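A.B. asks: only the shape, not the letters, is given here:
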């Protein structure tokens, strides 16, 4: 079936450190891939997306590249800030049967000053 | 557009009472999702609709839960009777989707602010 697997958290980093959050997926066909972010007490917001192989999504210094050969969509940021502390969710949408939106389990990121 | 609108934002109810959560999707979106989020189980997809039709309700925990989408601009999630273990944040999301159209615009889902349900 279709699924998304993320690295387990929590991830704790110092400010200005490099961030990688791994995400791999299992899906038939060519899903669209997303990273969502959830700040404390809020709903989920789209951070970035990629709709086909080799696309790179980017936003607010975050990047992720759609790698079909490794079925991965790892999230990276070169220099994290305290304000990046949140829970990050990797997700995919299937392009059939009404577009089921499937999430990974989420990875909590804590950035210390 | 005001985004996905959920009501109420907070709900506290006694065990055994009926609870109805409401969602207004973004105008023009044709897919609607209901999720539940808890510390223990994370983010769970309960049910989703496409063109007002329920496509997959396999995530609905039991018969106490039901969801409807009578038209393109409104959906409800009902719990009857409610139990303390139903306490969670319930999110509604909507997207614009067409089957077998890869890479189309606006495929991402937009989330509401959630309803925090507490059953005592």
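C.D. replies: Sure thing, it's come through. No experiment lies behind these values; they were computed from the predicted model shown. Numbers count the residues shown, from 1 in each chain, chains lettered A, B, ... in the order given.
A.B. asks: what parts of chain A come near chain B?
C.D. replies: A:29-30, A:32, A:34, A:36, A:42-46, A:49, A:51-52, A:89, A:91, A:93, A:95-103, A:105-106 (Cβ under 8 Å from any Cβ of the partner chain). From N, CA and C alone the C-beta is placed, and that goes for glycine too.
A.B. asks: now a PyMOL select for only the buried ones of those.
C.D. replies: Here is the PyMOL command that selects the buried residues among the residues of chain A next to chain B (16 or more other Cβ atoms under 10 Å in any protein chain shown):
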select buried, chain A and resi 32+34+36+43+44+46+49+51+89+91+93+95+98+99+100+101+102+103+105+106
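A.B. asks: which ones among the residues of chain A next to chain B are found in helices?
C.D. replies: Secondary structure defined by DSSP state H assigns none of those to helices.
A.B. asks: take the residues of chain A next to chain B and keep only those in strands.
C.D. replies: Residues of the residues of chain A next to chain B located in strands (DSSP state E): A:32, A:34, A:36, A:44-46, A:49, A:89, A:91, A:93, A:101-103.
A.B. asks: quick check: the two most widely separated of those?
C.D. replies: Spatial extent of these (Cβ to Cβ) is set by the pair A:45 and A:102 at 17.8 Å.
A.B. asks: residue of chain B closest to chain A, please.
C.D. replies: For chain B and chain A, the shortest gap (Cβ to the nearest Cβ) falls at residue B:50, measuring 3.1 Å.
A.B. asks: per-residue confidence, the closest residue to residue A:110 other than its chain neighbours, what does it come out as?
C.D. replies: With Cβ to Cβ, 6 or more residues apart in numbering or on different chains as the criterion, residue A:110 has its nearest non-adjacent residue at 4.8 Å, and that residue is residue A:12. The model reports residue A:12 with a pLDDT of 97.
A.B. asks: pull the number of nearby residues for residue A:12.
C.D. replies: As a burial measure, residue A:12 scores 12 neighbours (other Cβ atoms under 10 Å in any protein chain shown).
A.B. asks: then residue A:8?
C.D. replies: So residue A:8, with other Cβ under 10 Å, has 11 neighbours.
A.B. asks: how about the secondary structure of it?
C.D. replies: coil (DSSP: H, G, I helix; E, B strand; the rest coil).
A.B. asks: the nearest residue to residue A:39 once chain neighbours are set aside pairs with what?
C.D. replies: Distances taken as Cβ to Cβ, 6+ apart put residue A:86 closest to residue A:39, at 4.8 Å, once the chain neighbours are dropped. Counting by DSSP bridges, residue A:86 is bridged to residue A:109.
A.B. asks: about what we covered before: make JSON lines out of the ones in strands among the residues of chain A next to chain B and add pLDDT.
C.D. replies: As requested, those are exported to JSON lines (pLDDT from 0 to 100):
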{"residue": "A:32", "pLDDT": "89"}
{"residue": "A:34", "pLDDT": "94"}
{"residue": "A:36", "pLDDT": "97"}
{"residue": "A:44", "pLDDT": "94"}
{"residue": "A:45", "pLDDT": "94"}
{"residue": "A:46", "pLDDT": "94"}
{"residue": "A:49", "pLDDT": "94"}
{"residue": "A:89", "pLDDT": "96"}
{"residue": "A:91", "pLDDT": "94"}
{"residue": "A:93", "pLDDT": "86"}
{"residue": "A:101", "pLDDT": "83"}
{"residue": "A:102", "pLDDT": "88"}
{"residue": "A:103", "pLDDT": "91"}
